[in-house]
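Visitor: missing the sequence, but the structure's below:
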């Protein structure tokens with residue numbers, strides 16, 4: 001059994017892939033929550049400005065000039081293959097796909113590289129249950 005609480009306690013930096021500037025979108029509110037509870041949060045969205053409410057936003061994961069502990073993904077399950085090469089290149093400790101997002105085939109190379117992979121699980125709900 002994976003120790004989600006240990007993962008969250010040890011992590012310092014989180015990249016939120018698919019962050020939205022819309023404050024009513026889950027990706028926006030969860031990114032802000034993660035920032036409020038003490039993580040250094042980066043946003044990843046190729047269609048956004050450089051910053052949103054205190055969170056630096058980048059076009060892709062490779063542009064972030066920091067070691068990322070958790071890549072937290074808010075993209076449709078069928079879009080997961082698009083981010084896999086970047087995840088493999090930056091080598092975070094964890095790839096975390098949010099609730100409702102799962103793509104076993106796409107994440108297989110990530111698992112094979114030894115990166116912890118969590119799918120179909122909300123990081124905020126998990127954090128709050130620790």
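Guide: Okay, I see it. Because the structure is predicted, anything quoted here is derived from the model rather than measured.
Visitor: Tell me which stretches of the protein form helices.
Guide: 4-10, 26-36, 81-90, 104-112, 123-129 (DSSP state H).
Visitor: Deepest-packed of these, please.
Guide: helix 26-36 (a mean of 19; mean count of other Cβ atoms under 10 Å). C-betas here are computed from N, CA, C, even on glycine.
Visitor: what sits up against that one?
Guide: Defining contact as Cβ atoms under 8 Å, 6 or more residues apart in numbering, one finds that helix 26-36 is touched by 14, 16, 18-23, 41, 43, 52-55, 72, 74, 98, 122-124, 127.
Visitor: what about residue 121, neighbour count?
Guide: Residue 121 has 16 neighbouring residues, counting by other Cβ atoms under 10 Å.
Visitor: Tell me how far it lies from residue 102.
Guide: Distance of residue 121 to residue 102, given as Cβ to Cβ, to the nearest Å: 9 Å.
Visitor: and what of residue 94?
Guide: 15 Å.
Visitor: what does residue 86 give?
Guide: 19 Å.
Visitor: before we move on, what about residue 126?
Guide: Relative to residue 102, and taking Cβ to Cβ, residue 126 is found at 15 Å.
Visitor: is it true that residue 12 touches residue 37?
Guide: No: Residue 12 lies out of contact with residue 37 (Cβ atoms under 8 Å); the separation is 11.8 Å.
Visitor: Quick check, central residue of this structure?
Guide: Centroid check for the chain by Cα atoms, centre = their mean gives residue 72 as the closest residue, at 1.3 Å.
Visitor: Tell me what residue 42 is bridged to.
Guide: residue 15, residue 56 (DSSP bridges).
Visitor: I'd guessed it sits against residue 66; true?
Guide: Yes: taking contacts as Cβ under 8 Å, residue 42 lies within contact range of residue 66: 7.0 Å.
Visitor: Pairing partners for the helix or strand bottoming out on mean pLDDT in the chain, with directions?
Guide: Lowest on mean pLDDT, DSSP states H and E among the helices and strands of the chain sits strand 51-52, with a mean of 86. Applying DSSP bridges, strand 51-52 is found paired with strand 55-58 (antiparallel).
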